[in-house]
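Peer 1: Sharing a model that was predicted from the sequence below.
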Amino acid sequence: MAEQIPLSEEDRAFAPEWDAERGDKTHEVAPDVAYRRLAIVNVAFVGYRGAADREWALIDAGLTGSAGFIRAAAEERFGRGSRPAAIMLTHGHFDHVGALETLAEEWDAPVYAHPLEHPYLDGSAAYPPGDPSVGGGAMAALSRFYPRDPVNLGARLRALPPDGAVPGMRGCRWIATPGHSVGHVSFWRESDRALIVGDAFVTTRQESVSAALTQDPEMHGPPMYFTVDWGAAEDSVRRLAALEPKTVVTGHGQAMAGAHMRAALHELADRFRAVAVPAQGRYVDAPARAEDGSAYLPAN
């Protein structure tokens, strides 16, 4: 695998000493944007500290068993009893929806996702299998065993508005960024050029257990073992780089900011085939797509 694009701890979008003073176990990257790391994956909170009931939003829902950690961070940040206006999903892979059904029911919150992602969220279809042959790390090797069956949100599941608006996140719009999954989206705020990208690209080598745990920073394409359409993934990274974000919050790895981060993101976009795409793999020449149904497998 080609060398990934290095980043530095100096490119972090947060100040650890300020985070420690707050004590809510989140990293704050803007006055109204913070995220919490839950083992190998991040969830994001959009809303000012102390936001009233239904005045903030959660993005993604971590691994199974993480509901208590997400709830604790939300209570510390917004106050006991303050519920999100909505839960937004970048996509529905197992490490982004683990606490979703629990929290959506507890908070009586709608869940918004791209319509192409809905079969994975309404119980009707499973994801394509992971590809253990790519990435060269233990996380990739184990991908054949990762859960792929859908969750079922029932009536709580909603489609993201077609005009790009994001319920509960004023001033933000969603952007279709397929490739890692067919209905993957990112969230963009023009006013401060803040970008929440899920797994459209990440800032650590997620294929490696040690890198996923230590979060050594680098600009990296989407996690290889679950990316099903590399052409679409490349187009998505190019469009995100063209936004010239000041701050990026990724689904895996540390949030990054600044000119060096933007230069690394442009390099990833320009050299995507050499840097991000495996030399061979299940989906390199045979992508799984919504158009022909190959992205949707029967659920168990």
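Peer 2: Right, received. Where do you want to start? Numbers count the residues shown, from 1 in each chain.
Peer 1: Please count neighbours and contacts with C-alpha atoms only from this point.
Peer 2: Will do.
Peer 1: buried stuff in stretch 260-272?
Peer 2: M261, R262, A263, A264, L265, H266, E267, L268, A269, F272 (16 or more other Cα atoms under 10 Å).
Peer 1: Distance of the fifth one relative to D199?
Peer 2: Going from L265 to D199 by Cα to Cα, to the nearest Å gives 14 Å.
Peer 1: With the second one instead?
Peer 2: As defined by Cα to Cα, R262 lies at a distance of 17 Å from D199.
Peer 1: Quick check: phi and psi on G130?
Peer 2: phi -70, psi 160 (degrees, to the nearest 10).
Peer 1: Also the one 4 residues further on?
Peer 2: Main-chain torsions, V134, degrees, to the nearest 10: phi -110, psi 150.
Peer 1: show me the contacts for it.
Peer 2: A140, A141, M224, Y225, P278, Q280, G281 (Cα atoms under 8 Å, 6 or more residues apart in numbering).
Peer 1: wait, doesn't the second one sit right on P132?
Peer 2: Yes: with contacts counted by Cα atoms under 8 Å, A141 reaches P132, the gap being 4.3 Å.
Peer 1: Tell me which of those two has more neighbours.
Peer 2: P132 (22 against 18; other Cα atoms under 10 Å).
Peer 1: what sits against that one?
Peer 2: A140, A141, L142, S143, R144, Y225.
Peer 1: separation between the residue nearest the centre of the chain and W107?
Peer 2: Geometric centre of the chain, nearest residue: G198, 1.8 Å, by Cα atoms, centre = their mean. According to Cα to Cα, G198 stands 22 Å off from W107.
Peer 1: Excluding sequence neighbours, find me the nearest residue to V248.
Peer 2: Using Cα to Cα, 6 or more residues apart in numbering and skipping the chain neighbours, the partner closest in space to V248 is L195 (4.8 Å).
Peer 1: Quick one: list the elements packing against whichever helix or strand that neighbour is part of.
Peer 2: Under the criterion of DSSP states H and E, L195 resides in strand 194-198. The contact analysis (3 or more Cα pairs under 8 Å, 6 or more residues apart in numbering; DSSP states H and E) places strand 194-198 against strand 185-189, strand 247-250.
Peer 1: that older thread, hmm, which of the contacts of V134 are the buried ones?
Peer 2: Applying 16+ other Cα under 10 Å to these flags A140, A141, M224, Y225, P278, G281 as buried.
Peer 1: Just put the residues you listed in TSV and tack on secondary structure.
Peer 2: Putting these into TSV (DSSP: H, G, I helix; E, B strand; the rest coil) gives the following:
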residue	secondary structure
A140	helix
A141	helix
M224	helix
Y225	helix
P278	coil
G281	coil
